[in-house]
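>>> starting from these lines, generate the structure:
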Amino acid sequence: MLSLPVQAQHVPGFNKELTEPYRTSTTTVVALPDTTYMLLGVGATALTQPYLWVRDYRAILDRNGNVMSVKDDADSSCVLYRDQGILVANRVYTCGTKYKIATGETVAYVMQFDLQGNVLWTKHIDSASYVKTLNKMVFDRLSGRLLVSGVTRRLDSSTNMAWIIALDTTNGQLLRDSVYGSDALHVKLFQGIITPDSGSLWIGSKTGNSGYDDLYLLKLDSSGREIWNRRYDGGLEGLDVGASIVRAADGSGYYLHGVRATTPYHPNYSKIWLLKINEVGDTLWTRTYGADTLERGGGDWLGYTNGRLLMRGMRWYGNQQALAYYMLYVTEQGDSVTERLFYPPVTPPSEDYIMYGNAHSADGGFIAAGIAFTQPQHTWVLKTDSNGCIQENNCFPVGVKETVKVKNGVVLEQNVPNPASGSIRIGFTLPPDFKTASLDLYDYLGRKTATFPLGKSDNFIIVNAERLISGVYFYTLTIDGQCLHSKKMVVYQ
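Numbering: from 1, shown residues only. Predicted coordinates for the structure are as follows:
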C-alpha cells in the first residue's frame, strides 16, 4: 500500500508551463527527497523537428517549479518514447522504447539516474523477431528487484501480449523475462503492486470475445508464475480498461481504478470506474463517476491520502469540448467527497494537453507533469497539497456532496445552457426563513471570481458568460454562512 507522509494540510503549490531551447515532450516526474523535482522526457533537436524525439532529457526543478538544471543525451539513430519514472533508495528509474530510424526495429530500455540526473546504467532489451515496449515499474523491496511491465508481439502478428521483466537494481542485470497471454487476444498491463505473499498483482485490459476491451487483472507469485487472472466487464460493448490498483488499508482486498464504457460500441464515451475486490478477485462493489454520455474519463493513478482514496487522470467535459486534469477524492465506500479540475495556465482549454506522470511529494502533496500541445510545445507541471489545493488560503472544497439535490428544502439547479455560453441561467430554491444568501462563482483553481447576493424572492440569476474565459468553474449556494450545495459549470466560448 502506498503510504503518504502528511506534515501539513496546506503547502505551497504551482501550476506552470515551461519552455526549453528545443521542443520537449515531458512524460513523467519524480519527487526528490529534498523537495525538488526531476522531470523526465524526450526532446527534439530543434523547433523544426517536432516529432523527431532523439534527445533524452532530465530537468531538475526547485520547490517552486523553476528550472534549475537540464541534462540531455542525443542519439540521432533512434526516436525515443518514455513512460513512468520512480524513486527508489535515492536512485531514479525510468523505462521506455527506442525506435531505430534506419531499420524500424524497437528496443525497450530501463535507465537508472542519480539525484542530479546523471546516467548510472542503461539496460536494453531487444529481439529480432518481437516488438517490445515497456511502460510501468514497481519495486519489490523484499527481493530488491525492479519489476517492469510492457507489451510484446511477434513481428508477423498484430496481437499484443503482456510482458514483465525483473531487473537487478544494482547493475540492470536481467533476472526474469516472462510473457503472458496468447496470440488470440490482446493483453496490456498498466500498473502492478507487490502483494503480501511476495507476489504481484497487475491491472490492465484484455480484448473480449466481442472485440472490445475488458478490465483485466493478473496475479503472479514471487517467481512470476501466473496464479490466476480475472476479467471485469462493465456491461456494455465498449472500452473497459484498468489503470491503477491499491491495496485496501484494512487488508480487506483491493481497489481498482479505470474507465468503463457508457455507450455501446462507442470508444469515446466512458465514466471513471472504481471497483472493490477481495483477495482472490471477486467483485465486492463497483462505482462510476461522471455524466452518462457527455464525458470521457481516463484514469492513471490511485492511492490513499488523509484516509481517503484519491483518483487522478484526464477527463473530457461538456460533450468533449473541454479537457481537464482531475483529482477525485472518495471514501473507502466509494462515496464522492471532493473533485478538483485543473487546466494549464497559458494554453486555452480548447487546445490539446495531457498529464502523463504523477508522484506524491515529500511534503504530503502531489506533483504531476505532462504536455501542452502549443507551438512550440510546452511542458505542463502542477503541484498541489494533499487536499488538491494550489493556494493555501484560497482553495474551496469543490464538489462536496454534488449528488445531493435537496438539503433542508434547498435546491441548486444545473446551469442552462451546459456547456455555458452567452447568458447563463442558474436556478435555485431557497428556504422560507434565512438571514443571508449568496451564489458564489469560483474558477478551477478555487479562486472566487464573483458573488451574487440573493433575496428571499429570488429563484434564479443570470450570469454573463462573455465576462468569463473558457474553462471549468464551480458555483456554490451559501445560506447563513453555510455552504449547502456546489456544482460545476463548463464555459465554452
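
>>> centroid-nearest residue for this protein?
The residue lying closest to the centre of the chain (Cα atoms, centre = their mean) is G313, at 2.7 Å.

>>> which helix or which strand is home to that one?
strand 308-317 (DSSP states H and E).

>>> cool, Q116 as well?
Applying DSSP H and E, one finds Q116 in no helix or strand.

>>> distance of it from Q84?
The spacing between Q116 and Q84, counted by Cβ to Cβ, to the nearest Å, is 20 Å. No exception for glycine: its C-beta is placed from N, CA and C like everyone else's.

>>> higher neighbour count, the two?
Each of Q116 and Q84 has its neighbours counted (other Cβ atoms under 10 Å); Q84 has more, 26 against 12.

>>> wait, that one sits on K136?
Yes: with contact defined as Cβ atoms under 8 Å, Q84 counts as touching K136 (5.1 Å).

>>> give me the common contacts of the two.
Common contacts of Q84 and K136, defined by Cβ atoms under 8 Å, 6 or more residues apart in numbering, comprise C95.

>>> returning to that earlier point: tell me what the strand holding G313 is packed against?
Using 3 or more Cβ pairs under 8 Å, 6 or more residues apart in numbering; DSSP states H and E as the contact test, the elements touching strand 308-317 are strand 241-247, strand 270-277, strand 296-305, strand 322-330, strand 336-342, strand 353-360.

>>> may I have the predicted confidence score for the residue nearest to the centre of the chain?
Here, the pLDDT recorded for G313 equals 81.

>>> which residues does it bridge with?
G299, Y326 (DSSP bridges).

>>> could you check how far it is from Y326?
On the measure of Cβ to Cβ, G313 and Y326 end up 6 Å apart.

>>> what's the first helix or strand after the helix or strand where K132 lies?
Using DSSP H and E, the element containing K132 is strand 130-140. Stepping forward along the backbone from strand 130-140, the first helix or strand reached (DSSP H and E) is strand 145-154.

>>> which other helices and strands contact the following helix or strand past that next one?
Note on strand 145-154: by DSSP H and E, the next helix or strand toward the C-terminus is strand 161-168. Judged by 3+ Cβ pairs under 8 Å, 6+ apart, the packing partners of strand 161-168 are strand 130-140, strand 145-154, strand 174-180, strand 187-194, strand 200-207.

>>> any idea how far the nearest residue to T429 once chain neighbours are set aside is from P417?
The shortest distance from T429 to any residue other than its chain neighbours is 4.0 Å, reached at V411 (Cβ to Cβ, 6 or more residues apart in numbering). Counting by Cβ to Cβ, the separation of V411 from P417 is 19 Å.

>>> please apply the same query to A248.
On the measure of Cβ to Cβ, A248 and P417 end up 41 Å apart.

>>> show me the shaky parts of the stretch 251-400 of the chain.
263-269, 291-299, 306, 316-322, 347-351, 375-376, 391-400 (pLDDT under 70).

>>> who does R308 bridge with?
On the basis of DSSP bridges, R308 takes part in beta bridges with T305.

>>> wait, isn't it in contact with V337?
Yes: R308 lies in contact with V337 (Cβ under 8 Å); the separation is 6.1 Å.
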